[in-house]
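Trainee: Sequence unavailable; structure follows:
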């Protein structure tokens, strides 16, 4: 296969951690496989020093087939047939697998470190779902009986007249979401504690940072639409009579950007005082000289700007920082109760699975991370794998990122993703 210059550069680049980002179908996996083949054939590397992580078992099988095919072809032309034959013999037991298969292998070989049954099995999806629901029911029954602080407010906020199915779904969704983090319950606890805020520190909070970044993007989009419209107005056949209104709109945007830098409350007040100058009517010969298509395009671009301004008003009510802080604080107790429920759920769910000697894929990832947080074991895996390859990197979560980060070196990871 003939590779492009950029693909060949990626195949040949060495002694660095590399992330290849390209569109779907652009040949990323082919490049990854070619890099592996070159290392085996040209640089006499051994396959048992490679960790190759794929997204599915089918992808792992396909990669093994491609490597097998290339090795067989290379044996016919190579002078060092013994090395390549050895690679063929290593291929069936090579570390080419999904991240879950790799984690299961790590856990089974180091089960004594974390004190779990080495004969655990991966539970069926339906079986795991039943155990999860039973665990939620058990925990909620206790909370209904004890009614701890914040629980009633949680129920009133997130349940309707037909039972607590909404709360049940929220608990499941949050629990599944946080399991993609290396320390899920710590992350959730810290997130809930962020709700204890005040008017004074709200300006420096993650919420305000997210809101301001979003506002900056919206204002930039509005300005780009207006600048495009203004440029069209200045064409020989453009609707030049609209220029005055567009110039006024751009001044509004610039003023709002300045107010956003000054302070959030100044910005909010300014947004609600922003007015739109009406477009002048085109009459007589001036109208005849205008390109109707350009006229319509300018109008549409201005409507985009106006729609952005309307969206900003919907997004941010005309209220003070103290009002916003009070709203956030109002949710602290129910969210603290929700954290307690999920914390208890985690303990109950794990206990029920341990009683049956089963685990799910989230468990094996977290167990593997526990193992690899042992420095001696982590170092052993670092020394074992000279090269690490990750396919479909965009599907990795932060837990998997930390897992692989524990065993990589500064120059031996190659990742491809959309």
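Mentor: Great, that's in hand. As the structure is a prediction and not an experimental result, all values here were calculated from the model.

Trainee: in the protein, which ranges drop under the pLDDT threshold?
Mentor: Applying pLDDT under 70 to the chain flags residues 161-162, 282-286.

Trainee: Grab the longest helix from it for me.
Mentor: If you go by DSSP state H, the chain has its longest helix at helix 206-233.

Trainee: Show me which residues of that one are buried.
Mentor: 208, 211, 215, 218-219, 222-223, 225-226, 229-230, 232-233 (16 or more other CB atoms under 10 Å). C-beta coordinates here come from the backbone N, C-alpha and C atoms, glycine included.

Trainee: Find the helix or strand that the spatially closest residue to residue 239 that is not a sequence neighbour is a member of.
Mentor: Distances taken as CB to CB, 6 or more residues apart in numbering place residue 295 nearest to residue 239, at 4.4 Å, with adjacent residues excluded. Using DSSP states H and E, residue 295 maps to helix 292-315.

Trainee: Please tell me how far the residue nearest to residue 239 sits from residue 229.
Mentor: 11 Å (CB to CB, to the nearest Å).

Trainee: Next, show the common contact partners of the two.
Mentor: Common contacts of residue 295 and residue 229 (CB atoms under 8 Å, 6 or more residues apart in numbering): residue 242.

Trainee: And the strands in the protein, which stretches?
Mentor: Here the chain has its strands, by DSSP state E, at 18-21, 50-54, 95-98, 121-122, 358-359, 387-390, 413-417.

Trainee: from the middle of its chain, how far away would the fifth one be?
Mentor: Centroid displacement of strand 358-359 relative to its chain, using CA atoms, centre = their mean, to the nearest Å, is 26 Å.

Trainee: That one packs against which elements?
Mentor: When contacts are defined as 3 or more CB pairs under 8 Å, 6 or more residues apart in numbering; DSSP states H and E, strand 358-359 sits against strand 121-122.

Trainee: Direction included, what does the strand it packs on pair up with?
Mentor: strand 358-359 (parallel) (DSSP bridges).

Trainee: which other residues reach the strand it pairs with?
Mentor: Applying CB under 8 Å, 6+ apart, the external contacts of strand 358-359 come out as 116, 120-123, 127-128, 353, 367.

Trainee: I'd assumed residue 389 was in contact with residue 417.
Mentor: No: at 12.0 Å, residue 417 and residue 389 do not qualify as touching, with contact defined as CB atoms under 8 Å.

Trainee: Can you pick out the residue with more neighbours from the two?
Mentor: residue 389 (26 against 17; other CB atoms under 10 Å).

Trainee: Measure how buried the spatially closest residue to that one that is not a sequence neighbour is and give me the count.
Mentor: Excluding its sequence neighbours, the residue lying closest to residue 389 (CB to CB, 6+ apart) is residue 52, at 4.5 Å. Applying other CB under 10 Å, we find 25 other residues in the vicinity of residue 52.
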